[in-house]
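A.B. asks: Predicted model follows, preceded by the sequence.
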Amino acid sequence: MALIEIKNLSKVYDNEGAKTQALDDVSLEINKGEFVAIMGHSGSGKSTLLHVLGLLDNPTSGKYHFSGKNIGSYDKNEIAKIRNQKMGFVFQAFNLLPHATVLENIKLPLMYSEIPESEWDTIARNVAISVGLEHRLNHQATQLSGGEKQRVAIARALVNDPEVIFADEPTGNLDSKSGQIIIEIIQRLNTEMGHTVVLITHETYTAEYAERIVRLTDGKIECDTKVENRRIRGQCFVK
Amino acid sequence: MRINHQLKTAINGLTSHKSRSLLTILGIVIGIASIILIMSLGQGAKDLILGEISGQVGSKIIEVRPGGEPQGMTDFLSMFSDSLTQKDVDEIKRKGNVPNMAKIMPMVFSSVTLNFGNENHPATLYGATELAAGMYNIKIESGRFLEEDDVKSNSSVVVIGSKVRKNLFENENEIIGKKIKIKGRNFKVIGVIPEGGQGTFSFDDAVLVPYTSAQQYVLGYKYFQHIIVEADTEENVPRVVEDIKITIRNSHDIDSTEKDDFSVQSMIDAIKTMETVMSILTLLISAVAAISLVVGGVGIMNIMLVSVTERTREIGLRKALGATDKDIMIQFLFEAVILTAMGGLIGIIFGASLSFVTSFLITKFTTYNWLFSFPISAAVIGILVSSFIGLVFGIYPARQASKKSPMEALRYE
């Protein structure tokens, strides 16, 4: 069974009467454990698709099943719970709390979860170690480099052990070297830890770390293909 | 999300904008500070006045005055009316009329100029009896007080207050037996009252003579300005008041209370009236100060709205990570309440300090023994009211925050 299943999904933005069709009758399935890259030019609807998949935005029409359950039947609080427990987000602009420390930033999703507080520290430290941040735990977010900030964001996405990680242009604000480190960490989350990953990017280079590429144009799926020569650098970073 | 983390999150939110947070609560600080100041000073004034009345004069004291109950400014003229005479004193004295009376004393007073040698000094002259010492708790520094014989024999003797002594007899050591002139007649100084007492009950600037001598040599009339009665016990005061009223009405042939040509007031009544007046006054001024609290609340709401807009991204992020609308709402409500409660606390400290300084200055530069009092109840109310204001004016911004859609919020630049 597919982890994510959308059918005939449309999203229309109504900005003071000016309607924009961001998604136009999109149907898509993503299986558990898959690493899918969603590509497209700006305005192609790829970010909208990610927002809808990540339950950050509601579709105008169409069906969305997550883990076999119809999202339309959930209320706001249940949706918040799903976001908290089953989804992890990595954003282009990192979105860390600037005045909080690395550890506090990583713990943030735990504060909204049902995991007992006594375990928070251990969990947060462990994920920090898995992304190579153990030496930065008590630094403020503002003191970190871009690559480090994105690693904090990844750790934060991992801390509740989600079923799927949504990464929205995670390398977009980074130089190529840190970008590569980040995309390799994300790939490792998929290959080594088994997380389902949905990656939004406009760079073919980055997209080729995924096993499947979905290309969007004008809110429609243009093509959906397996990656022939997948980039894998799994063994030679950080640690 | 647990309450302690909500609190911590809210405090972190506030401390990351310290100066703004401080400026935001200024209105609340000023409002609470003025309320505390007013209530504290009001309490001090009340304590002072009541302490004066109850400390200086026994609570068993009842005053009979000529003229009806004063109804307005013009009625103060009735102070000089001639309705109280020796006959009334005799009637009240008669056991059957006012059985619970312990002591009775007629009293007259007037402003006079005292002469000694080349020195002149204006003072208040009281004509009383030997009972005044007990009724008004008057102590004697040197010499003696008035005695029964002085009153009976219209003696030209005088007991003087400390200021009078200082002004008339600056360079004299022994003043007992010295003669001072009042209205051209010599009065022999028999005693000196030490400094003390306050307001109406200070005899510092007064002289006391037998009321008989005062009537005969100084005033030239036969009626009294006050008749002072002491009840046997405090409980019997109301009964004595009623008995006196009936007695004088009978003696004056008055058939209805509206035609009373006298008034009777106990010190307890006076205290009660004073208490009521002071409480109303405090309440009124506090109400004015409370307006500044509302203004402060509106200020809080404005800044919270700005803060919510500014932190749109943070709100979006928290929601993306699993915060519910309620979590966000509580976070911002907590921020508002903590802000105003802090404002209340600072206001209380500030107001109490101001009140302390004021009472210190009053004590230092006047003769009033003004005691600093800190009304705990006002402080508690202050904290509660300011927290409540935070709650009320925080709800709208908090709701705005909680309604933000996570996607819109994350997109916001």
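C.D. replies: Good, I have the coordinates.

A.B. asks: ok, the closest residue to B:Ile254 other than its chain neighbours to B:Val159 distance?
C.D. replies: Once flanking residues are discounted, B:Ile254 sits nearest to B:Asp260: 6.2 Å by C-beta to C-beta, 6 or more residues apart in numbering or on different chains. (Glycine included, C-beta is placed from N, CA and C.) To B:Val159, B:Asp260 is 34 Å away according to C-beta to C-beta, to the nearest Å.

A.B. asks: So for these two, which sits in the more crowded spot?
C.D. replies: B:Val159 (28 against 17; other C-beta atoms under 10 Å in any protein chain shown).

A.B. asks: Could you pull up the residues touching that one?
C.D. replies: B:140, B:143, B:145-146, B:189-193, B:207-209 (C-beta atoms under 8 Å, 6 or more residues apart in numbering or on different chains).

A.B. asks: repeat for A:Leu199
C.D. replies: Counting by C-beta under 8 Å, 6+ apart, A:Leu199 touches A:35-38, A:167, A:170, A:186, A:206-207, A:209-210.

A.B. asks: can you pick the most crowded of these?
C.D. replies: Most surrounded of those: other C-beta under 10 Å gives A:Ile38, at 29 neighbours.

A.B. asks: So which bits of chain B are right by chain A?
C.D. replies: With C-beta under 8 Å from any C-beta of the partner chain as the criterion, chain B meets chain A at residues B:1-2, B:5, B:9, B:12, B:16, B:313-314, B:316-327, B:405-407, B:410.

A.B. asks: Can you go through those and name the buried ones?
C.D. replies: B:1, B:5, B:9, B:313-314, B:316-325, B:327, B:406-407, B:410 (16 or more other C-beta atoms under 10 Å in any protein chain shown).

A.B. asks: Wasn't A:Glu114 part of a helix?
C.D. replies: No - under DSSP: H, G, I helix; E, B strand; the rest coil, A:Glu114 falls outside any helix and is assigned coil.

A.B. asks: how about it, phi and psi?
C.D. replies: phi -100, psi 10 (degrees, to the nearest 10).

A.B. asks: what's the neighbour count on the one residue in chain A that gets nearest to chain B?
C.D. replies: Of all residues in chain A, A:Asn84 sits closest to chain B, at 2.3 Å by C-beta to the nearest C-beta. Other residues lying near A:Asn84 total 23 when counted by other C-beta under 10 Å.

A.B. asks: so how far is B:Ile246 from the residue nearest to B:Ile254?
C.D. replies: 11 Å.

A.B. asks: near chain B, which residues of chain A show up?
C.D. replies: A:51, A:54, A:56-57, A:76-77, A:80-81, A:83-85, A:89, A:91, A:95, A:97, A:99-100, A:108-109, A:111-113, A:117, A:156, A:160.

A.B. asks: For the longest strand anywhere in chain B, C-alpha coordinates in CSV please.
C.D. replies: In chain B, assigned by DSSP state E, the strand with the most residues is strand B:101-116. The C-alpha coordinates for strand B:101-116 follow below in CSV (Å, rounded to 0.1, in the frame of the first residue of the first chain):
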residue,chain,number,x,y,z
MET,B,101,-23.4,59.6,81.3
ALA,B,102,-20.0,59.5,83.1
LYS,B,103,-18.7,63.1,82.7
ILE,B,104,-20.0,66.3,81.3
MET,B,105,-18.1,69.5,80.4
PRO,B,106,-19.2,72.7,78.8
MET,B,107,-16.8,74.2,76.4
VAL,B,108,-16.3,77.6,74.7
PHE,B,109,-13.6,78.7,72.4
SER,B,110,-12.4,81.8,70.6
SER,B,111,-9.4,83.2,68.8
VAL,B,112,-7.5,85.6,71.0
THR,B,113,-4.2,87.5,71.1
LEU,B,114,-2.0,86.9,74.1
ASN,B,115,0.4,89.5,75.4
PHE,B,116,3.4,89.2,77.6
